[in-house]
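Engineer: Just the structure for this:
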Amino acid sequence: MFVDAFSRGLQVIRTFDRDRERQTLSEVAARAGISRASARRLLHTLVHLNYVQHDGRYFSLKPKILDLGYAYISSMEFNDLAVDSMHELASRTNSSCSIAVLEGLDAVYVARTTVRRVIGRLFPVGRRLPAYVLSMGRIQLAALSDDALDRYLAAADIERFTRYTVVDRKALRRIIREDGAKGWSVVKREFDEGMCALAMPLRNKDGDVIAALGLGLRPDRADEPAFVEESLAEVAKTAEAINGLMRQRG
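Structural biologist: Modelled structure (predicted):
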């Protein structure tokens, strides 16, 4: 049975994003495609449940909203199937290991394990970052059709995070397609000058790319071909192990 009120409540939540962290009642109603009266009832329900706050004019999401995302993340197959393989990879390489999924314009971290800190930042499960600037994002963008990739690049807000960030859309498109042809992606110092990583795709039983497995690389060795090849072999071994478990799960 379809519950219209629940659907409209989710529409209201989805109106908030990085570019619209604070919105008026009218803005929420317009973006959700519902009446002001419906938006008012739904927003005040969310305020009562402590998912939204209201300062008298603007509405904004509260940290509790993350509970909804964590409920999804904790139920995903990755947490059950990948955790042991990820921990083994992190232990073998003395590094950090992550899984991210492509959602809209971003890559969202859904699993993570680490042995020691080897990059400038450690991102928690649930963190969203622009897909174009991460190896885990690029290798998933590489699985998109030409039309879908063009739409992504047209919609993405291409921001220069460091002096190494690739911001030219044509260059990004070429790099993403080259990564797809190789089957792996390395991004060095583009989001954070202390952050380098290698990623490979994860696939479901039908062979579709559904996520990416990433390994943090030591910035002082990320330009060494032999080190990258060694890291690539380790990631490939773990990706195949996780893919095999996914196929068995059906």
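Engineer: so what's residue 143 closest to, chain neighbours aside?
Structural biologist: residue 209 (3.8 Å; Cβ to Cβ, 6 or more residues apart in numbering). For every residue, glycine as well, the C-beta is placed using N, CA and C.
Engineer: for residue 179, same thing?
Structural biologist: Residue 179 sits nearest to residue 185 (Cβ to Cβ, 6+ apart), 4.0 Å away.
Engineer: can you check residue 219 too?
Structural biologist: Residue 219 sits nearest to residue 196 (Cβ to Cβ, 6+ apart), 5.1 Å away.
Engineer: How is this structure divided into domains?
Structural biologist: Per the record, the chain has its domains at 4-64, 76-249, by automatic domain parsing.
Engineer: that older thread, got the contact list for the residue nearest to residue 219?
Structural biologist: 119, 186, 187, 188, 189, 216, 217, 218, 219, 222 (Cβ atoms under 8 Å, 6 or more residues apart in numbering).
Engineer: Buried residues of the lengthiest helix in the chain, list them for me.
Structural biologist: When the chain is parsed with DSSP state H, its longest helix is helix 225-249. Across helix 225-249, burial judged by 16 or more other Cβ atoms under 10 Å covers 228, 231, 232, 234, 235, 238, 239, 241, 242, 243, 245, 246.
Engineer: surely the first one meets residue 186?
Structural biologist: Yes - the pair residue 228 / residue 186 is scored as a contact, 6.4 Å apart, by Cβ atoms under 8 Å.
Engineer: Just the buried positions in stretch 205-224, please.
Structural biologist: 209, 210, 211, 212, 213, 214, 215, 216, 217, 219, 222.
Engineer: A helix includes the last one, no?
Structural biologist: No - assessed by DSSP: H, G, I helix; E, B strand; the rest coil, residue 222 does not belong to a helix; its assignment is coil.
Engineer: still on that earlier bit, mind putting the buried residues of stretch 205-224 in TSV, distance to residue 84 and secondary structure included?
Structural biologist: Shown next, in TSV, are the buried residues of stretch 205-224 (distance: Cβ to Cβ, whole Å; DSSP: H, G, I helix; E, B strand; the rest coil):
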residue	distance to residue 84	secondary structure
209	22	strand
210	19	strand
211	17	strand
212	18	strand
213	13	strand
214	17	strand
215	16	strand
216	19	strand
217	22	strand
219	28	coil
222	27	coil
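Engineer: Return the residues in contact with the residue nearest to residue 238 when sequence neighbours are not counted.
Structural biologist: Closest residue to residue 238 apart from its sequence neighbours, by Cβ to Cβ, 6+ apart: residue 89 at 4.3 Å. Each residue near residue 89 by Cβ under 8 Å, 6+ apart is listed here: 95, 97, 215, 234, 235, 237, 238.
Engineer: Now do the contacts for the fifth one.
Structural biologist: Under the criterion of Cβ under 8 Å, 6+ apart, the contact list for residue 235 reads 89, 184, 198, 199, 200, 213, 214, 215.
Engineer: I'd like to know how far it sits from residue 210.
Structural biologist: Applying Cβ to Cβ, to the nearest Å, the value for residue 235 to residue 210 is 17 Å.
Engineer: Could you do the last one as well?
Structural biologist: Going from residue 238 to residue 210 by Cβ to Cβ gives 16 Å.
Engineer: What of the second one?
Structural biologist: Between residue 97 and residue 210 the distance is 17 Å, computed by Cβ to Cβ.
Engineer: same deal with the fourth one?
Structural biologist: Relative to residue 210, residue 234 is positioned 21 Å away (Cβ to Cβ).
Engineer: By mean pLDDT, flag the weakest helix or strand of the protein.
Structural biologist: Lowest by mean pLDDT, DSSP states H and E among the helices and strands of the chain is helix 66-75, with a mean of 56.
Engineer: No more questions from me, cheers.
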